[in-house]
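# got a structure for you, letters missing:
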C-alpha cells in the first residue's frame with residue numbers, strides 16, 4: 001500500500017479527533033477507519049451496539065462492514081485498519097477472518113485498560129494471542145491519542161456535559 005507514515009499519522013489524528021467529538025455527543029471513545037490499497041478511506045466507524053442492539057457492532061467492525069458493503073468486497077485483503085484503541089478479541093477475530101493486512105492503534109489495550117476499558121480478558125475467547133500479532137498489529141501513537149478515553153472518563157465522572165446515564169466502561173456495550 002502506498003501510504004506514508006505521515007499520511008497514516010494524519011488519518012489516526014483525524015480518527016482521534018472524531019473520537020473526542022463522538023464522546024462529547026454521548027458515544028464511546030473507540031473509532032475504526034479502514035484504508036484500502038486503492039486510496040479508499042472509510043468513514044469513521046463508531047460503536048453502535050447500544051443503538052442497534054447488535055452486540056458485535058463495535059467501531060472497528062462497523063467500519064469494516066461498511067467498507068465491504070460500500071466497496072462490494074467479500075474480504076478485506078490488502079486493507080489496513082486504524083483504531084483509536086486496540087481492538088478487542090471480537091474485532092481482531094473479524095479482522096483476521098476477513099483478511100485485513102495490518103492494524104494500527106493509537107493506544108494499546110494495556111493503556112486503554114488504565115483508562116477504565118479493560119477487555120483484555122476476552123482475547124482468549126476468540127483465540128487471540130496478542131504476542132502472535134507482531135506482523136499484524138502496529139502501534140501508531142499520536143500526540144492526543146488518549147484524549148477520547150480521558151474525555152469519556154471525565155464526562156462519566158460528572159464533568160461538563162456529562163452523559164445523562166452513567167455508562168459502564170466496556171468496549172462492547174455503552175450501558
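Structure's in. What do you need? These numbers come from a predicted model, not from an experiment.
# burial of residue 36, as a residue count?
Residue 36 has 16 neighbours, counted by other C-beta atoms under 10 Å. Yep, even glycine has a C-beta here, placed from its N, CA and C like the rest.
# equivalent analysis for residue 56, please.
For residue 56, which is what you asked about, the neighbour count (other C-beta under 10 Å) is 14.
# for residue 143, give its distance to residue 23.
17 Å (C-beta to C-beta, to the nearest Å).
# wait, residue 127
31 Å.
# the more surrounded of the two?
residue 23 (26 against 10).
# tell me the contacts of that one?
By C-beta atoms under 8 Å, 6 or more residues apart in numbering, the residues touching residue 23 are 29, 148, 151, 152, 155.
# local confidence estimate at it?
Residue 23 carries a pLDDT value of 95.
# ok, now residue 158?
Value for residue 158, per-residue pLDDT: 80.
# doesn't it fall inside a helix?
No: counting by DSSP: H, G, I helix; E, B strand; the rest coil, one finds residue 158 to be coil, located in no helix.
# neighbours around it, how many?
The burial count for residue 158: 9, using other C-beta under 10 Å.
# pull out the buried positions in stretch 123-134.
Judged by neighbour count using 16 or more other C-beta atoms under 10 Å, the buried positions of stretch 123-134 are 123, 126, 128, 130, 133.
# same question for stretch 11-23.
Buried, per 16+ other C-beta under 10 Å, within stretch 11-23: 11, 12, 13, 14, 15, 16, 17, 18, 19, 20, 22, 23.
# how about the first one, what does it touch?
Contacts here follow C-beta under 8 Å, 6+ apart; on that basis residue 11 touches 33, 35, 41, 82.
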